[in-house]
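Asks: How does the following fold in three dimensions:
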Amino acid sequence: MAIVVGVDGSEESLQALRWSIEEARLRHATVRVVNVWQYPTVTSWIDPYLAGAAYEVPQINAEELRTRAEAQLAGVVEQVDTAGVEVTQETIEGHPAEGLLYAAKDAELLVVGSRGLGGFKALLLGSVGQQCAHHAPCPIVIVRDASA
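Replies: Take a look at the predicted model:
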């Protein structure tokens, strides 16, 4: 069985990864580090028909987004001492909470940070952590940033 930990590059997710590695050492478990990415919501105040032929609709390159997610994931894992623990890395396309819940379907434990990169800094628990807490298919640990 594995411990699944969600990372998004936030300090809270880095703390969650550190906690997961230590817990895996105690349980002799593996750690699956998961980064869930999704297409950004693009809205425009410019009507392309009114803007004329010079207006170009922004193109979103899925492979570039996936590559960035993989690089971000590798960068986070590099910051943690994983000695003695089998660690795998996985990127999943989709909504963050849904992706983490899917990844945790056969997990021993799901670990997330208390809040991620969202814009509401005053929240004690972010939306992804809240959704995971309500719907996790296994026990869940929500790690707060130690400096908070």
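Asks: Now do the helices in the protein.
Replies: Secondary structure of the chain (DSSP state H): helices located at 11-27, 48-51, 62-78, 96-103, 127-135.
Asks: Tell me which residues of the last one come out buried.
Replies: What it means is helix 127-135. 128-132 (16 or more other CB atoms under 10 Å). In short, each C-beta sits where N, CA and C put it, glycine included.
Asks: do stretch 60-77 as well
Replies: For stretch 60-77, using 16+ other CB under 10 Å, the buried residues are 65, 69, 72-73, 76-77.
Asks: pLDDT value on Leu50, please?
Replies: Leu50 carries a pLDDT score of 62 in this model.
Asks: swap in His28?
Replies: pLDDT, His28: 96.
Asks: Please report the distance of it from Val143.
Replies: 21 Å (CB to CB, to the nearest Å).
Asks: worst-scoring helix or strand of this structure, pLDDT-wise?
Replies: helix 48-51 (a mean of 61; mean pLDDT, DSSP states H and E).
Asks: circling back: take the buried residues of stretch 60-77 and write them to a markdown table, including distance to Gln59 and pLDDT.
Replies: What follows is the buried residues of stretch 60-77, written out as a markdown table (distance: CB to CB, whole Å; pLDDT from 0 to 100):
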| residue | distance to Gln59 | pLDDT |
| --- | --- | --- |
| Leu65 | 12 | 88 |
| Ala69 | 18 | 92 |
| Gln72 | 21 | 92 |
| Leu73 | 24 | 95 |
| Val76 | 28 | 94 |
| Val77 | 30 | 96 |
